[in-house]
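Peer 1: Sequence and predicted structure are below.
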Amino acid sequence: MTPESHSTFTEAPAIRPVVATAVVAEPEVESAGRWTRGHVPGEVGIWIFILGDMTLYAALFGSFMADRSRDVALFNESAAELHVSFGAINTLLLLCSSLFVVLGIRAVREQISRQRAPLLFALAMVCGAGFVVNKYFEYSDLLSSDLPPAENAFFIYYYVLTGIHLTHLLAGMCVLYFLYRTSRRPRLEQKQIRAAESGASFWHVVDLLWIVLFPLLYLVA
Amino acid sequence: MTLRRVHEWAGYNGWIFTAGFLIACMPLLAFTIPPKLSPTSTPLEVQAHYVDNLTQIRAGAWIGMVASAFYYVWGAAIAGMLRRVENGRPPILTYTQLGAVGVAVFNSVLYFFWMAFCAFRADTMDPELLRTLNDFQFILLEFEVFPLSLWAIAIGLLILLDRSETPVFPRWTAWVNFWFAGLVMTGQFMIFFKTGPVAWNGVLALYWPAAVFFIWICIMSTMIIKGVRREDGVTPDADQQFYPVGGTGAGAATRAGVEADTGLAN
């Protein structure tokens, strides 16, 4: 039975589709294996890297909250010195870039709309670059306002957390360039699509970490 | 003892090094993980710590120094096993590893040397000077991590580039190496701070890099042992001109010749 013959069943009585979809799903798993359940984006190893990376952030967030509970007043006062607008703009930029990457990866997978992919990855890189420029202005604004970063616990955390995140983001920019280059190839093999998925997963992690950092540093009061 | 057994022990060396290093540093001996002192300790506190624990610190330094010897063999094992990935090409990444392992071992050796050095005349030394020497010990341990990162990146690249049918190490271990290479670097910023998570007794400078480091060592040790057992007597996909060691088949004669030459036959 081919998948097409099953699709006619889906218009039949209510109980049928459940059975039919279950049967249809199987040949897909066997042949393509990519759009179906159980598909891990990218190669498995990248998830070891990503989850391992997140343990660092988990440790840092835990340590931040523990130190904050010891001196809530200082942390709240210091957090008020930050300009929420810088953080909000960066959040918006990263969310947009993630959206572009999602659309780009979809375009890479669908061979028909492939031409759009390089443009989407380039747009994601523009957003990433915007983040760096914004961060530069934010850092220089803070450093010129005579705050002692070496003594204030909140600002130690602020610089360490955003610094490590910025390092990730710069690495992510290299990954986006790799995605851009890959998507410009005339033909992609399965292995290259997998590598592109790995890269996209990394970029989403950069975004995700910022989504946690932003409320933690700027908004918690 | 067979050559295979010796090579397997190269893997066990990673565990011996881990155990020795940690026993030497943990409470009862040197008290450096977790440290009894902090960057804000006064010179007199530092001296009191050394004088009160003189014998333990010296014993810790000695155990750590012995453990460091096992570290080199472990590093050489990874470099040696991954050598066949660069099959016949200039072994640039292999030499990078060997250079890095040299620096890393020196770092470990110098760390315990410095521990012994601080304890040598601790009771009669100027406390101010002793505190400076003690700072040196921690900055040495936590600041010098670039050789480690470079080393792990070389290993990770070789694992990713390994196209053979039975790779030396499984592909996911490449990502463990990259993970280690990136995250072990968090300690470096300790030179900027004397309090908080990045000071030399803080989470980011001491505990995190130490955890990442020993997890990496233990995972790669297991992989060395597994790899040696799997590849015993055969070097799959390797250019036989460069790796003339065969199993029981056609290469057996050459293998016997090699073992006779090196004097390592059973």
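Peer 2: That came in fine, so what should we check first? Numbering: from 1, shown residues only, chains lettered A, B, ... in the order given.
Peer 1: pLDDT averaged over stretch B:4-21 - what is it?
Peer 2: On average, the pLDDT along stretch B:4-21 is 93.
Peer 1: for stretch B:98-115, same thing?
Peer 2: Within the predicted structure, the mean pLDDT of stretch B:98-115 is 94.
Peer 1: List the buried residues for that stretch?
Peer 2: Taking 16 or more other C-beta atoms under 10 Å in any protein chain shown as the neighbour-count basis, stretch B:98-115 is seen to contain the buried residues B:98, B:100-101, B:104-105, B:107-115. The way it works is simple: take the backbone N, C-alpha and C, and place the C-beta from them, glycine included.
Peer 1: now for those residues, which pair is the farthest apart?
Peer 2: Between any two of these, the greatest separation by C-beta to C-beta is 26.5 Å, found for B:Leu98 and B:Met115.
Peer 1: Got the confidence number for residue 56?
Peer 2: Since you didn't name a chain, this refers to chain A. 86.
Peer 1: nope, chain B please
Peer 2: Confidence score, pLDDT, at B:Gln56: 92.
Peer 1: For chain A, see how far away it is.
Peer 2: B:Gln56 is 29 Å from chain A, where distance means C-beta to the nearest C-beta, to the nearest Å.
Peer 1: For that residue, give its distance to A:Arg109.
Peer 2: 61 Å (C-beta to C-beta, to the nearest Å).
Peer 1: Stretch B:77-88: end-to-end distance?
Peer 2: The first and last residues of stretch B:77-88 sit 19 Å apart, counting by C-alpha to C-alpha, to the nearest Å.
Peer 1: average model confidence for it?
Peer 2: If you average the per-residue pLDDT over stretch B:77-88, you get 89.
Peer 1: With stretch B:153-167 instead?
Peer 2: Averaged across stretch B:153-167, pLDDT comes to 91.
Peer 1: Tell me if it is near chain A.
Peer 2: No - where contact is defined by C-beta under 8 Å from any C-beta of the partner chain, no part of stretch B:153-167 touches chain A; the two come within 8.7 Å at best.
Peer 1: Can you tell me what sits against that stretch?
Peer 2: The list of residues contacting stretch B:153-167 from outside it, by C-beta atoms under 8 Å, 6 or more residues apart in numbering or on different chains, reads B:78, B:82, B:84-86, B:93-94, B:96-97, B:100, B:168-169, B:171, B:173-175, B:177-178, B:181, B:220, B:230-231, B:236-238.
Peer 1: give me that answer again for 6 Å
Peer 2: Contacting residues not belonging to stretch B:153-167 are listed as B:78, B:82, B:85, B:93, B:96-97, B:168-169, B:173-174, B:177-178, B:181, B:236-237 [C-beta atoms under 6 Å, 6 or more residues apart in numbering or on different chains].
Peer 1: So which bits of that stretch are buried?
Peer 2: The neighbour-count check on stretch B:153-167 (16+ other C-beta under 10 Å) flags B:153-160, B:162, B:167 as buried.
Peer 1: Span of that stretch from start to end?
Peer 2: Between the opening and closing residues of stretch B:153-167 there is a gap of 17 Å (C-alpha to C-alpha).
Peer 1: Would you check the distance separating that stretch from the middle of the chain?
Peer 2: Using C-alpha atoms, centre = their mean, to the nearest Å, the mean C-alpha position of stretch B:153-167 is found 20 Å from that of the whole chain.
Peer 1: and residue 195, backbone torsions?
Peer 2: Just going to use chain A. Reported as degrees, to the nearest 10, the phi and psi values for A:Ala195 are phi -60, psi -40.
Peer 1: Correction: the question concerned chain B.
Peer 2: Backbone dihedrals for B:Thr195, given as degrees, to the nearest 10, come out at phi -140, psi 170.
Peer 1: On the three-state scheme, the nearest residue to it once chain neighbours are set aside is what?
Peer 2: Once its chain neighbours are removed from consideration, B:Thr195 has its nearest residue in B:Thr40; the separation is 6.4 Å (C-beta to C-beta, 6 or more residues apart in numbering or on different chains). Taken by DSSP: H, G, I helix; E, B strand; the rest coil, the conformation at B:Thr40 corresponds to coil.
Peer 1: circling back to that earlier point, only the buried subset of the contacts of stretch B:153-167, as a PyMOL command please.
Peer 2: Here is the PyMOL command that selects the buried residues among the contacts of stretch B:153-167 (16+ other C-beta under 10 Å):
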select buried, chain B and resi 78+82+85+93+96+97+168+169+173+174+177+178+181+237
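Peer 1: So of the contacts of stretch B:153-167, which two are at opposite extremes in space?
Peer 2: The most distant members of the contacts of stretch B:153-167, if one measures by C-beta to C-beta, are B:Ala181 and B:Pro236, lying 27.3 Å apart.
Peer 1: what's the pLDDT at the spatially most central residue of chain A?
Peer 2: Within chain A, one residue has its C-alpha closest to the average C-alpha position: by C-alpha atoms, centre = their mean, that is A:His204, at 1.1 Å. Per-residue confidence at A:His204 stands at 94 (pLDDT).
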